[in-house]
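Undergrad: generate coordinates for the sequence data below:
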Amino acid sequence: MSAMLDWNHVYLKQNPFADTPPRRPEEAVWAGLPRLKGQFESLFAQALATSATQVVLNWGAWGSGKTHAATYFSLKERLSSLVQAPRVRDICPIYIRTPKEPARADQDLYRDIVEALRFSNLRKLIRDLIAERGQEETLQLLQNNTSSEPLGKAIWLLGLEPKKRGGQLALFDDEEVSEERNQLLESYFFSTCTKRDLKELGLSRGIDNAQDRFRVLGTLLQCIVGFAPLEKISQHTRLILWIDELEDLIYFQSRQYRPFTQGLRDLIDRLPSYLTLLMNFTLATGDYEDATVVLGDALTSRITHHVYFQPLSSEETYEYILELMRCYRSENFSSKGLQVTYPFEENALRTLIKTITPLRRIPREINKQCSQVINQALEEGVISEPGVGFITPDFVTKVIKTQTALALDAEDLEPLN
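TA: The predicted structure follows:
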């Protein structure tokens, strides 16, 4: 019993078979699945070396690795290594989940992206733009981009010092920023300011509807991308926006998800260059056509790439498990002369894989089975100390049968509605 949950007994630094993806990109590892990884690497290599906007639909079963892929490829250093010059000057990865409140879906999407961008970063971007182009040219540029004088001016104000000098607004160069003014502007972008606040800011109106929100958002994102000539790749930033759990829109009424999908369509049209939009969609039926019902023809027609997270073959599952364990091996494992399948006998690992039906051979289900068997082996003392004892095919069969029986009992105990 003392070995329970001590993964050092099986020469692993920790349990590699996690139920959920890591929260931080630097903690994510990629095991196996070379075809899938190659698809993403090719996609991002193109993204970093060209201006073309990409719209990608990632689809597959629940637990097939879509969120893990989003986490893994959100690390800028990991993406930068995919292409040499000529390439974009920077990468801006943004990961958000589909809003859960139907009545506010488009508002929450806007808010989540703005919060991910951070106002401190946006202020610096506008400040740098004003320093490069001057106040008047920048103001006109932002108003043209939003197709609105007050909306463009609000973005412009982010880069200006609130105190007046000789009747003119001045840059942030040498005076302390007014926190009160910053908060007032932030309230404006979240549509929580009052008429008095609008008067204080010198703006004739607020951000009043979904169209306004996506006009503002498109311009904020364009400020990140940059306003250099389109062909000057090295003077632009590539935006990589992941939207996870898009299947939640299925539970919305059409009048609730339509502003959301229309907003995404407008965003794509407003950023025809240097945007990579990736949409993760879980499909219970395994038919990608189900996604088009919610996304609609206008958004579906803009999709440029499809990535299918398909179930693994037996051999792919075997390699996935071995590589995942290699990523977490203790430093001294190679000197112990143990099989690469340790703590499994090779036949035991093959047996475990056979217990998973072909359509269920996805990372989450594989991880679940491996974790259960190893935990049980540690708890029962099958592996009593490091390197002592192996998991056999019979033990795998026993654990899987027990877990299956427990699951069936739990289903029988569920109350009827």
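Undergrad: tally of neighbours for the residue nearest to residue 99 when sequence neighbours are not counted?
TA: Spatially, and ignoring its direct neighbours in sequence, residue 99 is nearest to residue 108 (3.5 Å; C-beta to C-beta, 6 or more residues apart in numbering). Where you see a C-beta, it was placed from the backbone N, CA and C, and this is true even at glycine. By other C-beta atoms under 10 Å, the residues close to residue 108 number 18.
Undergrad: residue 108 against residue 101, yeah?
TA: Yes. Here residue 108 reaches residue 101: they are 6.1 Å apart, a contact under C-beta atoms under 8 Å.
Undergrad: distance from the chain centre to stretch 260-269, please.
TA: Counting by C-alpha atoms, centre = their mean, to the nearest Å, stretch 260-269 is centred 18 Å from the centre of its parent chain.
Undergrad: burial of residue 157, as a residue count?
TA: Residue 157: 21 surrounding residues under other C-beta under 10 Å.
Undergrad: now residue 223
TA: Residue 223 has 24 nearby residues by other C-beta under 10 Å.
Undergrad: same check on residue 313?
TA: By other C-beta under 10 Å, neighbour count at residue 313 equals 12.
Undergrad: give me every residue that touches the closest residue to it other than its chain neighbours.
TA: Leaving aside its sequence neighbours, residue 313 sits nearest to residue 361 (C-beta to C-beta, 6+ apart; 7.4 Å). Residue 361 sits next to 311-314, 316-317, 353 when contact means C-beta atoms under 8 Å, 6 or more residues apart in numbering.
Undergrad: swap in 10 Å and give it another go.
TA: The neighbourhood of residue 361, defined by C-beta atoms under 10 Å, 6 or more residues apart in numbering, consists of 64, 310-314, 316-317, 320, 353, 369.
Undergrad: got a PyMOL select line for the buried ones in those residues?
TA: Only the buried entries of these go into this PyMOL selection, using 16 or more other C-beta atoms under 10 Å:
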select buried, resi 64+310+311+312+316+317+320+353+369
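Undergrad: among the contacts of residue 361, which pair sits farthest apart?
TA: 310 and 369 (18.7 Å; C-beta to C-beta).
Undergrad: distance of residue 57 from residue 242?
TA: Separation of residue 57 from residue 242 (C-beta to C-beta, to the nearest Å): 12 Å.
Undergrad: intersection of neighbour lists for those two?
TA: Listed as contacting both residue 57 and residue 242 by C-beta under 10 Å, 6+ apart are 277-280.
Undergrad: quick one: which of these sit in strands?
TA: The strands, defined by DSSP state E, take in 277-280 from those.
Undergrad: drop anything exposed from the residues you listed.
TA: Neighbour counting by 16+ other C-beta under 10 Å classes 277-280 among these as buried.
Undergrad: what's the closest of those residues to residue 21?
TA: Distances from residue 21 to those, taken by C-beta to C-beta, are shortest for residue 280, at 11.5 Å.
Undergrad: alright, calling it a day.
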